[in-house]
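S.K.: got a sequence here, can you build the structure:
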Amino acid sequence: VKRVAADATTSTPAGASLSQQDLSASGAGALVLTNATGDITVNAGTAATLGVSSASGATLLQAKAGSVVVAAGVGSTSGAISVVASASVRQEAEGDITTGASASVDVRASTIEMADGATSTAQDGNIAYEAATTLSLGALNTNADVRLSAASISDSGTSESDISADEVYIVTTGSASGQGAGQADNALETRVRVLAASVAGSGSGGLYLREADELTLGALSAIDVKQVQSTGNVKSSLDTTHANVTSAANAIIITSAGSLSTLSAGGAISASGNVLLQAQGAASDIVLGANVSNSAGNTSVNAARSVLQNAAISASASGKTLELIAGSDIAMGAGATTASTNGAIMLSAGRDALVQSVSAGSASVGVSAGRSILDANAEALNLSAGGLILKAGQAIASGADALDTRVRTLSASAGAGGAFLSEANAVSIDA
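M.R.: Okay, the predicted model is just below:
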């Protein structure tokens, strides 16, 4: 500005100009920016890396009747961060949201879009992304927990893991074909310890998830994410505890280099489409402590090493199939059942298949083992089907404990250990 002197002249003395960039606060000061009628765009100043920064105070960016575009970093040393919009929140690749200590990150809007390469990080705090319609993920990183909700959730790209966290809960509500969490050609990529999910969708939709290492499906703790208020204070948004994985369409869960386990408490899997549970790592098992049920599709359980089944696997729709594959053993524990409604069942083990109860109605069952097929339930019925094919490199059961069957047609091939079968009804060989 120009300073007017007594003689009507003007000058620009030191201190008569002010230059500043970005939005910042030090100490415990809160940063609150709300817009009642328009949008908010966060750009970086020419000499700064963050567009918005705070120390330990909370940060709120809220567009009450518009959108928020985060095109530069929003960061805090240890304060909670909320980014809220009535329309959309978009994080550009340079628009990272970061906080430390146990502070949380809270993003809410009708639509949320993270560009490929955009990240949100909370060191030891929880993260929540909640969209009324669509949520497109970049990368969410925390040592704590993550909560996601939207009509449909997708991966914005392929350059990083979408979610790195301890516990994760995913919920989607969109029922249209193709909606859900992840897609067939672009699954959600995770690095998490425990997962629960409730996924809607139909047709080609459902849950598509690929975990980098080992993954457990089970009950979660309640996930508390702090929401910053216009006063600068925060309030809890503590949800209830969650458990199980449900999908109204497909459920595809793959671990790339670790075991996949389901806990007896809160680890049940239910779907109404095709199901694949796969552990791809050479030393990876699938350990089922809870039921896997499918009301409308086919189911495959595929482990590079062993399938350890301690619960029920079922397909209730007529003609839908069940398949269990293990590079080493298929071991059905006490009380475990594998049952279809007149759909074919196949068990294929690289080493041994320990059979409890397998039932296929009028359809056929096939069991193959590189070494032996063994009776795992003493005198109880092992295999019930219209037709049965057994193939073992060494032995099918033993003289002391024959395999108990109830089938109409039978074919069996064993090695030097022989084949020992006890059939309940009349049976035809190769008929």
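
S.K.: check what pLDDT residue 47 gets.
M.R.: Note on residue 47: pLDDT of 59.

S.K.: what about the closest residue to residue 198 other than its chain neighbours, neighbour count?
M.R.: Spatial nearest neighbour of residue 198, excluding adjacent residues (Cβ to Cβ, 6 or more residues apart in numbering): residue 171 at 4.8 Å. C-beta coordinates here come from the backbone N, C-alpha and C atoms, glycine included. Residues near residue 171, counting by other Cβ atoms under 10 Å, number 19.

S.K.: quick one: contacts of the helix or strand containing residue 171?
M.R.: According to DSSP states H and E, residue 171 maps onto strand 163-172. The contact list for strand 163-172 (Cβ atoms under 8 Å, 6 or more residues apart in numbering) reads 127, 137, 139-153, 179-181, 188-201, 207, 220-221, 223, 239, 242.

S.K.: drop anything exposed from those.
M.R.: 127, 137, 139-142, 144-153, 179-181, 188-201, 207, 220, 223, 239, 242 (16 or more other Cβ atoms under 10 Å).

S.K.: helices - which of those land there?
M.R.: Among those, no residue falls in helices (DSSP state H).

S.K.: on that earlier part again, from the chain's centre, how far out does the strand holding residue 171 sit?
M.R.: Taking Cα atoms, centre = their mean, to the nearest Å, one finds the center of strand 163-172 at 6 Å from the center of the full chain.

S.K.: just stretch 424-431 next, same as before
M.R.: Distance, centroid of stretch 424-431 to centroid of chain: 45 Å (Cα atoms, centre = their mean).

S.K.: mind listing residues that contact that stretch?
M.R.: 381, 404-411.

S.K.: start and end of stretch 91-103, how far apart?
M.R.: This stretch, stretch 91-103, spans 20 Å end to end (Cα to Cα, to the nearest Å).

S.K.: and it, what's its mean pLDDT?
M.R.: pLDDT averaged over stretch 91-103 gives 97.

S.K.: tell me the buried residues in that stretch?
M.R.: 91-100, 102-103.

S.K.: what's the closest of these to residue 275?
M.R.: residue 91 (33.0 Å; Cβ to Cβ).

S.K.: what pLDDT does the residue lying closest to the closest one once chain neighbours are set aside get?
M.R.: Distance criterion Cβ to Cβ, 6+ apart; nearest residue to residue 91, sequence neighbours excluded, is residue 118 at 4.0 Å. You'll see residue 118 listed with a pLDDT of 96.

S.K.: may I have the phi/psi pair for residue 118?
M.R.: phi -80, psi 140 (degrees, to the nearest 10).

S.K.: burial of it, as a residue count?
M.R.: 24.

S.K.: list the contacts for it?
M.R.: With Cβ under 8 Å, 6+ apart, residue 118 has these contacts: 70, 91-96, 138-139, 156.

S.K.: now, the contacts of strand 163-172 that are in strands?
M.R.: Among the contacts of strand 163-172, the subset assigned to strands under DSSP state E consists of 127, 137, 139-142, 146-150, 152-153, 180-181, 188-199, 207.

S.K.: ok, the residue nearest to residue 198 to residue 147 distance?
M.R.: Applying Cβ to Cβ, to the nearest Å, the value for residue 171 to residue 147 is 8 Å.

S.K.: cool, and residue 294?
M.R.: From residue 294 to residue 147 the distance is 27 Å (Cβ to Cβ).

S.K.: PyMOL command to pick out the buried ones of the contacts of stretch 424-431?
M.R.: Filtering these down to the buried ones (16+ other Cβ under 10 Å) takes a single PyMOL command:
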select buried, resi 381+404+405+406+407+408+410
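
S.K.: from the contacts of stretch 424-431, pick the one nearest residue 42.
M.R.: residue 381 (66.4 Å).

S.K.: residue 328 against residue 284, yeah?
M.R.: No: with contact defined as Cβ atoms under 8 Å, residue 328 does not count as touching residue 284 (10.6 Å).

S.K.: intersection of neighbour lists for the two?
M.R.: residue 305.

S.K.: which of those two has more neighbours?
M.R.: residue 284 (21 against 18).
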